[in-house]
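Colleague: Sequence plus the predicted model coming up.
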Amino acid sequence: MKFTEKYTKAFQYLLPSPLSIAFLLTFLTFIIAYIVTDNVNSEENYFITLLGYWEKGLWNSNLLVFALQMMLILVLGHILALTPFVSKSISALVNLATTTSKAATIVTFFTILVSLFNWGLGLIFGAIICRSIGENARIKNIPMNYPLIGAAGYSGFMVWHGGISGSATTKVAEAGHLRTLLSGNSVTTVPNSINFSETVFSSMNITASIMLLILLPTLMYILGKQKKAYTFPEQLPAIETKKENSSLIGA
């Protein structure tokens with residue numbers, strides 16, 4: 001077995017699912033809070049007090065609204081990525097990706113461009129176009145460095161928060177949002193809102209976005225020229241799931 005295959009299998013066994021990571025981080029934060037912080041109300045069990053804080057934060061109305069907004073951005077972006085127009089656009093781009101350097105450049109440029117409009121769309125768009133290029137290369141027997149193309153698909157994360165769907169920029173543009181986060185005299189020291197003209201459409205942010213649109217695809221093109229390309233096997237090997245592996249171990 002090759003080192004890369006062992007590396008992949010190790011991650012399949014050891015890397016928790018996103019939900020498991022969320023549970024682990026919640027538990028770790030709770031333990032740290034219990035050890036490091038002090039109980040203000042000594043008459044009540046501090047463990048119960050912390051549970052009350054956790055429950056209050058979990059069902060905070062403002063946080064629930066924010067969570068729903070983020071979910072809608074991701075879900076609607078996913079839906080948009082599966083529309084006929086986007087599918088046809090991806091097919092046209094895939095036909096241009098005849099080498100690793102061209103494929104990496106195309107994936108990087110358009111993933112960044114799409115992410116500037118909607119990070120949810122950029123997230124799904126990058127994954128779909130990478131997979132489509134891989135499938136096309138396998139069918140047409142085109143040598144390709146697929147790991148580099150996969151890395152290019154994540155390039156949109158370098159700009160997504162500077163786009164018009166960025167979480168922080170969107171929230172601070174809401175009237176009164178910043179002041180709801182503060183209390184006391186400090187409320188009057190912050191503006192009621194910060195418009196997109198001062199964040200997303202500021203000269204600094206636009207310059208940074210344009211530079212990334214130029215530099216990152218160029219870098220990927222250079223790396224594509226240097227990295228060795230491989231032909232895809234006619235039939236990709238099946239990936240064993242944790243359940244299948246555990247059943248084999250049990251047997």
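Modeller: Perfect, thanks for sending it. Numbers count the residues shown, from 1 in each chain.
Colleague: Where do the helices of this structure begin and end?
Modeller: Secondary structure of the chain (DSSP state H): helices at 3-14, 18-36, 46-58, 61-81, 84-96, 100-117, 119-139, 146-152, 167-172, 177-180, 203-226, 242-250.
Colleague: So which of these is the most surrounded?
Modeller: helix 100-117 (a mean of 24; mean count of other Cβ atoms under 10 Å). No exception for glycine: its C-beta is placed from N, CA and C like everyone else's.
Colleague: That helix - contacts with which helices or strands?
Modeller: When contacts are defined as 3 or more Cβ pairs under 8 Å, 6 or more residues apart in numbering; DSSP states H and E, helix 100-117 packs onto helix 84-96, helix 119-139, helix 146-152, helix 203-226.
Colleague: The first one vs helix 119-139, what angle?
Modeller: Relative orientation of helix 84-96 with respect to helix 119-139: 40 degrees, computed using axes from the mean of the first three to the mean of the last three Cα atoms, to 10 degrees.
Colleague: still on that earlier bit, just give me the lowest mean pLDDT stretch among the helices of the chain.
Modeller: Per-stretch mean pLDDT for those is lowest at helix 242-250 (a mean of 42).
Colleague: which one of the helices and strands packed on helix 100-117 lies closest to residue 51?
Modeller: Proximity to residue 51 (Cβ to Cβ) singles out helix 119-139 among the helices and strands packed on helix 100-117, at 33.1 Å.
Colleague: which other helices and strands contact that closest one?
Modeller: Using 3+ Cβ pairs under 8 Å, 6+ apart, helix 119-139 sits against helix 61-81, helix 84-96, helix 100-117, helix 146-152.
Colleague: how about TSV for those helices, with distance to residue 218 added?
Modeller: Converted to TSV, the helices and strands packed on helix 119-139 look like this (distance: least, Cβ to Cβ, whole Å):
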stretch	distance to residue 218
helix 61-81	26
helix 84-96	17
helix 100-117	8
helix 146-152	12
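Colleague: and of the ones you listed, who's closest to residue 53?
Modeller: Among the helices and strands packed on helix 119-139, helix 61-81 comes nearest to residue 53, with 13.1 Å by Cβ to Cβ.
Colleague: Name the residues that touch that closest one?
Modeller: 57, 86, 118-125, 128, 165, 167, 170-171, 180 (Cβ atoms under 8 Å, 6 or more residues apart in numbering).
Colleague: again, 6 Å this time
Modeller: 118, 120-121, 124-125, 128, 165 (Cβ atoms under 6 Å, 6 or more residues apart in numbering).
Colleague: For those, which two are the farthest from each other?
Modeller: 128 and 165 (18.2 Å).
Colleague: still on that earlier bit, please name whichever of the helices and strands packed on helix 100-117 is nearest to residue 176.
Modeller: So among the helices and strands packed on helix 100-117, helix 203-226 is nearest, using Cβ to Cβ, at 23.4 Å.
Colleague: Tabulate the CA atom coordinates of the closest one in CSV.
Modeller: Extracted C-alpha coordinates of helix 203-226, given in CSV (Å, rounded to 0.1, in the frame of the first residue of the first chain):
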residue,chain,number,x,y,z
SER,A,203,-11.1,50.9,-2.4
MET,A,204,-9.0,48.7,-0.2
ASN,A,205,-11.3,45.6,-0.4
ILE,A,206,-11.8,46.0,-4.2
THR,A,207,-8.0,46.3,-4.7
ALA,A,208,-7.4,43.2,-2.6
SER,A,209,-10.1,41.2,-4.5
ILE,A,210,-8.7,42.2,-7.9
MET,A,211,-5.2,41.3,-6.9
LEU,A,212,-6.4,37.9,-5.7
LEU,A,213,-8.2,37.4,-9.0
ILE,A,214,-5.0,38.0,-10.8
LEU,A,215,-2.3,36.5,-8.5
LEU,A,216,-4.0,33.3,-7.4
PRO,A,217,-4.8,32.0,-10.9
THR,A,218,-1.3,32.9,-12.1
LEU,A,219,0.2,31.0,-9.2
MET,A,220,-2.0,28.0,-9.9
TYR,A,221,-1.0,28.1,-13.6
ILE,A,222,2.7,28.1,-12.6
LEU,A,223,2.2,25.2,-10.2
GLY,A,224,0.2,23.3,-12.9
LYS,A,225,3.2,23.6,-15.2
GLN,A,226,5.6,22.2,-12.5
